[in-house]
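Asks: give the three-dimensional model of this entry:
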Amino acid sequence: MIVPAVLLHILFRLPRVLFEGPAALAVPSLEAFLAAAILAWVSRLPPKPGRAAVWILAGFGGFALLFGFADALVRLTFNRPLSLVTDSGYLPDLYRLMRDTLPLPVFVAGLVLLPLIPAAPVWGLGLLFKRMLRSARDLPRPAGAVVLASLGIVLVLLEALAGVPVFGSSSLPRLAEEARGVLGYRRYDLEKREEFRRAAEEEPEAKSFPLDLLAGRDVFLFIVESYGYTLYSEQGHIEGAEPYLLRFEGRLREAGYSIVSTFLSSPAFGGNSWLADSTLAAGVWIPDQVAYEALLESDIVPMARRFNDAGYLSVNSMPATTLDWPEGEYFQFSKKYYYRDFGYRGPSFRWAPMPDQYAIDVVHRREVVPAEGPLFVQFVMISGHYPFSLLPRRLEDWSDLGDGSVFGRRENVRTIPIPPGAATAGSPGYLAAMEYQLDVVSDYAARFIANRRPLLIILGDHQPFSGITGTGKLKSVPVHILCPDPELLEPFRDRGYTPGWIPRQAPPHPGLDTLYPGLLEDFTSAPGAGARP
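Replies: Below you'll find the predicted structure:
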């Protein structure tokens, strides 16, 4: 009985080891204790019902164990707990991520072994429970079961009523919380829809926001993949990044730009970029997939629609959108560039199907150069994506980009080694990916559009995953506003932005949902214009 019980304890404490280290094994496991108590009672049953009860208990135990590991991995990666309601919808994206980032033999082996993920813990727990059941039958009748169950009740009461920390945190309370979430999904969905309905009713009509204070100035929005607060807050990151950040700042100042910067809090962490993108585009907080789907069916006016109504041509560049995306119609861009629209003939870079420099060049040649009226162009960048191990090099001569086949040459590709046993290139790869993206943006802004005297907004979508940032970190991202005319930056200074590229604001930071309403308020002189309630 003792050896199987110890193994059971270790199994159920392993998810906590991911957070707390080996010391978590010294804390009693609630799941293991409850299983032992139940088996003590089951041992009083006849053999046939007893065997059935063992496998039913193994099924519940296996599910709890898998949930514990999944919850731990989501917390480690995305800095939030697992949500059964919304995260189950991300499984196709997880499949594509593994397909595009793992070596082919590893990916195929994973698919073959996939059925073992649910089967192995249930089968293993079933064997342990059978062994424990046989041992429990040798206990004095009924004293063993009564003593074990009574001890469990005392320990639970000590923890619940007296605050004595007997058991370590287990997956059972989280399972109960998720069960309530599943049962309350419909109510939450209706709450978000009602929230967005009220927001749409309370905002003034689009004609109240002509954005006239921009005076027809082009606006370029660069959403930089995985560009997060960690680049500035962690000593090991800022020491590696500061030299190139200051170099890019100097390049932009030489081109005539003034710069102010801040931090804003993103709803996403480690992934789920569309939550950040939609929060930015709609000016309302989109924390999860339920809210996102409610937004797409709402009447909230997105940012691109405001620019359309102000006489701008709105263009959206999303080179990583490889599938049909009818949901994108909500955002109301006049022109949309998805993967198939770029005519790219070069290699992919793991999760990024083409280099950012190539995507920006295509939109520049097709839309920016021939434009006769004001432009609102959104570039959703992708080269800073996990696992940060395969990056393009920026070509000094943009005319060499051609159809992208130039990136089939080894000298135009940079490989950052992944350490043995790791899934990514870690901090060195992350720093290199941020350098590439910001190098491309600053070079493009300085050399090709500075003469248009545009307003530039450069910001991150979310922090990289916790393997780069560490656990329990803020969700903030840097935001930079640039313009050759410094007077246009005054509204941002009034909102707390600081001069230069490196932001100085201490947390807590405002939400990403404040940027769009602030633009409407700051660049519209019409009476009644103001930030969305």
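Asks: use CA for all of it now, contacts and neighbours both
Replies: Fine.
Asks: which stretch of helix or strand covers Gln357?
Replies: Taking DSSP states H and E as the definition, one finds Gln357 inside helix 356-363.
Asks: repeat for Met354
Replies: Short version: Met354 belongs to no helix or strand, going by DSSP H and E.
Asks: quick one: the strands in the protein?
Replies: Assigned by DSSP state E, the chain shows strands spanning 219-224, 258-265, 313-317, 335-337, 375-380, 390-392, 413-415, 455-460, 476-483, 498-499.
Asks: elements contacting the shortest one?
Replies: Under the contact criterion of 3 or more CA pairs under 8 Å, 6 or more residues apart in numbering; DSSP states H and E, the helices and strands touching strand 498-499 comprise strand 258-265.
Asks: I'd like to know which elements the strand it packs on is packed against.
Replies: Applying 3+ CA pairs under 8 Å, 6+ apart, we find strand 258-265 packed against strand 476-483, strand 498-499.
Asks: tell me which of the ones you listed sits most buried.
Replies: strand 476-483 (a mean of 25; mean count of other CA atoms under 10 Å).
Asks: ok, it: who's next to it in the sheet?
Replies: strand 258-265 (antiparallel), strand 455-460 (antiparallel) (DSSP bridges).
Asks: listing request: residues of the stretch 201-350 of the chain with sub-threshold pLDDT.
Replies: 204-208 (pLDDT under 70).
Asks: that one: helices as residue ranges?
Replies: For the stretch 201-350 of the chain, the helices defined by DSSP state H, counting those that start in this stretch occupy 230-233, 235-254, 273-282, 289-296, 303-309.
Asks: nearest to Pro464, of these?
Replies: The closest approach between Pro464 and any of those, judged by CA to CA, belongs to helix 230-233 at 8.2 Å.
Asks: go through the closest one and flag the buried ones.
Replies: Thr230, Leu231, Tyr232 (16 or more other CA atoms under 10 Å).
Asks: so who does the residue nearest to the first one when sequence neighbours are not counted touch?
Replies: Beyond its immediate neighbours in the sequence, the residue positioned closest to Thr230 (CA to CA, 6 or more residues apart in numbering) is Thr469, lying 5.8 Å away. Contacts here follow CA atoms under 8 Å, 6 or more residues apart in numbering; on that basis Thr469 touches Thr230, Glu234, Gln463.
Asks: one more time with 10 Å, if that's ok
Replies: By CA atoms under 10 Å, 6 or more residues apart in numbering, the contact list for Thr469 reads 76-77, 79, 228-231, 233-234, 237, 270, 426-427, 463.
Asks: what does Ala422 give?
Replies: Gly467.
Asks: with Phe379 as the reference, measure out to it.
Replies: 31 Å (CA to CA, to the nearest Å).
Asks: try Pro484
Replies: Taking CA to CA, one finds Pro484 at 20 Å from Phe379.
Asks: and Pro49, by the same measure?
Replies: According to CA to CA, Pro49 stands 63 Å off from Phe379.
Asks: for these two, indicate the residue with more neighbours.
Replies: Phe379 (22 against 11; other CA atoms under 10 Å).
Asks: how close does that one get to Leu231?
Replies: For Phe379 relative to Leu231 (CA to CA), the value is 21 Å.
Asks: what's the answer for Ser298, then?
Replies: Taken as CA to CA, the span from Ser298 to Leu231 is 35 Å.
Asks: dump the residue contacts of Ile360.
Replies: If you count contacts by CA under 10 Å, 6+ apart, then Ile360 has Ser317, Pro319, Phe342, Gln378, Phe379, Val380, Met381, Val440, Val441, Tyr444 around it.
Asks: cool, and His364?
Replies: Tyr358, Pro370, Ala371, Val377, Tyr444, Phe448, Ile449.
Asks: contacts only, for the third one.
Replies: Counting by CA under 10 Å, 6+ apart, Ala371 touches Leu313, His364, Arg365.
Asks: at 8 Å what do you get?
Replies: No contacts exist for Ala371 under CA under 8 Å, 6+ apart.
Asks: could we number from 19 for the rest of this?
Replies: Renumbered: residue one is now 19, and that last one reads Ala389.
Asks: any idea how far it lies from Leu474?
Replies: With CA to CA as the criterion, Ala389 and Leu474 are 17 Å apart.
Asks: of the contacts of Thr487, buried ones?
Replies: Buried by 16+ other CA under 10 Å: Leu94, Thr95, Asn97, Gly246, Tyr247, Thr248, Leu249, His255, Gly288, Gly444, Ser445, Gln481, out of the contacts of Thr487.
Asks: okay, the helices and strands packed on strand 276-283 in JSON lines with distance to Glu49 next?
Replies: Below are these laid out as JSON lines (distance: least, CA to CA, whole Å):
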{"stretch": "strand 494-501", "distance to Glu49": "36"}
{"stretch": "strand 516-517", "distance to Glu49": "51"}
